[in-house]
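Novice: Turn this into a model:
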Amino acid sequence: MSETRMRARDRRHRFMQQLGSGAVLIAGASTCRRNADSDFRFRQNSDFHYLTAFPEPDSLCVLFPAESRMVLFVP
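Specialist: Alright, predicted model coming up:
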């Protein structure tokens, strides 16, 4: 596991400790159209990247603090 992913795992763990129970949904960023034939350079949502270090657009992260579990949905 890379150092970036280990840091994201530690951040996620600290975040989930503060939440208690329930679930949290965090949405990643989408690509943005620049004009008819090109897109802007993709930049992940800062909160999503901080907790997951996952670079893919249109992804969703669901955190389950009571179970210390994360589920990623990738299109």
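
Novice: The lengthiest helix in the chain packs against which elements?
Specialist: Under DSSP state H, the helix in the chain containing the largest number of residues is helix 3-19. On a contact count with 3 or more C-beta pairs under 8 Å, 6 or more residues apart in numbering; DSSP states H and E, helix 3-19 meets helix 46-52, strand 60-64. C-beta coordinates here come from the backbone N, C-alpha and C atoms, glycine included.

Novice: For it, buried residues please.
Specialist: Buried residues in helix 3-19, counted by 16 or more other C-beta atoms under 10 Å: A8, R12, F15, M16.

Novice: could you list every residue that touches the residue nearest to the spatial centre of the chain?
Specialist: Geometric centre of the chain, nearest residue: F48, 3.2 Å, by C-alpha atoms, centre = their mean. F48 sits next to I26, A27, G28, A29, F54, S59, C61 when contact means C-beta atoms under 8 Å, 6 or more residues apart in numbering.

Novice: Thought Q44 was touching the second one, still the case?
Specialist: It stands for A27. No - using C-beta atoms under 8 Å, A27 is not in contact with Q44, being 10.7 Å away.

Novice: So between those two, which is more surrounded?
Specialist: Set A27 next to Q44 and count neighbours by other C-beta atoms under 10 Å: Q44 wins out with 17 against 13.

Novice: hang on, the more buried one packs against A29?
Specialist: Yes - here Q44 reaches A29: they are 5.4 Å apart, a contact under C-beta under 8 Å.

Novice: Can you check which residues contact both of those two?
Specialist: Shared contacts of Q44 and A29 (C-beta under 8 Å, 6+ apart): P57.

Novice: about what we covered before: show residues contacting the longest helix of the chain.
Specialist: Against helix 3-19 from outside (C-beta under 8 Å, 6+ apart): M1, H49, Y50, L51, T52, A53, L63, P65, S68, M70.

Novice: Check whether R34 really touches F42, as I assumed.
Specialist: No - with contacts counted by C-beta under 8 Å, R34 stays clear of F42, the gap being 11.4 Å.
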